[in-house]
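*Asks:* dropping a prediction and its sequence here:
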Amino acid sequence: MTKIIINKIKEFGADLALISVAISWGTTFIIVQDAIKSVPVFSFLFMRFFLSFLIMAILSFKFRKELNIELVKSGFFLGFLFFLGYVFQTYGLNYTKSSIVAFITGLNVIIVPMVIYILFKKKVYIYSIIGAILATIGLWMLTGANGLDSFGKGEIFSLFCAIFFAIHIVYTAKLSREHNVFLLVSVQLLTVALLSAMLSLLVDPFTIPKECSYALVLALVSTVIFATVYALFIQTYMQQFTTPAKTAIIFTMEPVSAAIFSYFYANETLNDIQIAGGAIMISAILIAELGTYYKNR
């Protein structure tokens, strides 16, 4: 019984930490939107992830003796999945509304249980399924994705984005238990930075801007420190103590925090349906959290 209580405390602490990750992503959304008005998307991604890698490399230096080929392969694999998610999300925004992209990307909350079953033949508990369904309903209400009356290029790209983010969540839970987390995150960041640089050289008018605007500096500082180094490290480390299905539900807090931050930072308004959607998404997290407690009992 004591072991169950200790494990539950660890899981609850991990879930709280993952909520902070979702919040850090959500609060930087509007800041990044301002930054990419002056620099291309993949140029920004390269700068963001390369600077993040430099910081993480310094933090990981004392663990350098644990670096091996299997860890490099795992880090590259996770970084490649993460990068593909960003690529498909970016191209999805070129063909459909941002609200629809946000909604379809958030569907990884439904996809994660499917990936777990397909790849590892593990069933997901009913409380996670209920939480995922509620989170999806709340996400639809919050994003206002009521224009989803067709399925074109933008929607297809967004769906691939959701799939790759879902696979990333599932494999992060697995690989974080097998390798040094500091080094694993470092390799991920370097992978995303290099792939972003390659794509930027192919499609962007420039990769390194000649001048740095205040908006770009603000976006880089906030995303590098909070939304990348902190967020990816916490996600990778804390997923050892909780389930991928619950992680996906928790990450639906990103658009909730983005909406709240936009309300106070940019004076954007929220209607009653959006507020109700946010409340439903929070209740989905509570159901998933309480579900593990009753399961353990």
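*Replies:* Thanks, I have it.
*Asks:* phi first, then psi, for Ser38.
*Replies:* Backbone torsions of Ser38, given as degrees, to the nearest 10, read phi -110, psi -10.
*Asks:* wait, isn't Leu134 in contact with Ile280?
*Replies:* Yes - counting by CB atoms under 8 Å, Leu134 touches Ile280, with 5.6 Å between them. (Each C-beta comes from the backbone N, C-alpha and C, glycine too.)
*Asks:* can I get the CA coordinates of the strand or helix carrying Tyr263 in CSV?
*Replies:* Applying DSSP states H and E as the criterion places Tyr263 in helix 253-265. Only the C-alpha atoms of helix 253-265 are listed here, as CSV (Å, rounded to 0.1, in the frame of the first residue of the first chain):
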residue,chain,number,x,y,z
MET,A,253,-4.0,22.7,-21.6
GLU,A,254,-1.8,24.4,-24.2
PRO,A,255,-4.6,26.1,-26.1
VAL,A,256,-6.4,26.8,-22.8
SER,A,257,-3.3,28.7,-21.5
ALA,A,258,-2.8,30.3,-24.9
ALA,A,259,-6.4,31.6,-24.8
ILE,A,260,-6.1,32.9,-21.2
PHE,A,261,-2.7,34.6,-22.0
SER,A,262,-4.1,36.2,-25.1
TYR,A,263,-7.0,37.5,-23.1
PHE,A,264,-4.7,39.4,-20.7
TYR,A,265,-1.7,40.1,-23.0
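*Asks:* show me what the helix or strand following that helix is packed up against.
*Replies:* Sequence order places helix 272-296 as the next helix or strand after helix 253-265, per DSSP H and E. When contacts are defined as 3 or more CB pairs under 8 Å, 6 or more residues apart in numbering; DSSP states H and E, helix 272-296 packs onto helix 2-27, helix 126-143, helix 244-251, helix 253-265.
*Asks:* please identify the most buried of these.
*Replies:* Ranked by mean neighbour count, the helices and strands packed on helix 272-296 are led by helix 244-251 with a mean of 27 (mean count of other CB atoms under 10 Å).
*Asks:* now do it against helix 126-143, angle only.
*Replies:* Put simply, helix 244-251 runs at 30 degrees to helix 126-143, going by axes from the mean of the first three to the mean of the last three CA atoms, to 10 degrees.
*Asks:* and the angle for helix 244-251 with helix 272-296?
*Replies:* Using the same axes, to 10 degrees: helix 244-251 against helix 272-296 is 150 degrees.
*Asks:* what packs against helix 244-251?
*Replies:* Helix 244-251 packs on helix 2-27, helix 108-120, helix 126-143, helix 153-175, helix 272-296, going by 3+ CB pairs under 8 Å, 6+ apart.
*Asks:* of all the ones you listed, which lies closest to Tyr230?
*Replies:* Among those, the nearest to Tyr230 by CB to CB is helix 2-27 (6.4 Å).
*Asks:* what angle separates the closest one from helix 253-265?
*Replies:* 50 degrees.
*Asks:* can you give me the buried ones in the helix or strand that helix 2-27 is followed by?
*Replies:* Scanning forward in sequence from helix 2-27 by DSSP H and E, the next helix or strand is helix 29-35. Under the neighbour-count criterion of 16 or more other CB atoms under 10 Å, helix 29-35 has 29, 31-32, 35 buried.
*Asks:* now the helix or strand where Gln89 lies, how far from the chain's geometric center?
*Replies:* Taking DSSP H and E as the criterion, Gln89 maps to helix 69-93. From the chain centre to the centre of helix 69-93 is a distance of 12 Å (CA atoms, centre = their mean, to the nearest Å).
*Asks:* what does it contact?
*Replies:* Contacts made with helix 69-93 from outside it, assessed by CB atoms under 8 Å, 6 or more residues apart in numbering, are listed as 41-42, 45, 101, 104-105, 154-155, 157-158, 160-161, 164-165, 167-168, 171-172, 175, 178-180, 183-192, 195-196, 199.
*Asks:* pull out the buried residues from these.
*Replies:* Buried among these (16+ other CB under 10 Å): 41-42, 45, 101, 104-105, 154-155, 157-158, 160-161, 164-165, 167-168, 171-172, 175, 179-180, 183-192, 195-196, 199.
*Asks:* mind checking how far Tyr171 is from Gln235?
*Replies:* 12 Å (CB to CB, to the nearest Å).
*Asks:* how close does the spatially closest residue to Gly106 that is not a sequence neighbour sit to Phe251?
*Replies:* Spatial nearest neighbour of Gly106, excluding adjacent residues (CB to CB, 6 or more residues apart in numbering): Leu139 at 4.4 Å. Using CB to CB, Leu139 is found at 11 Å from Phe251.
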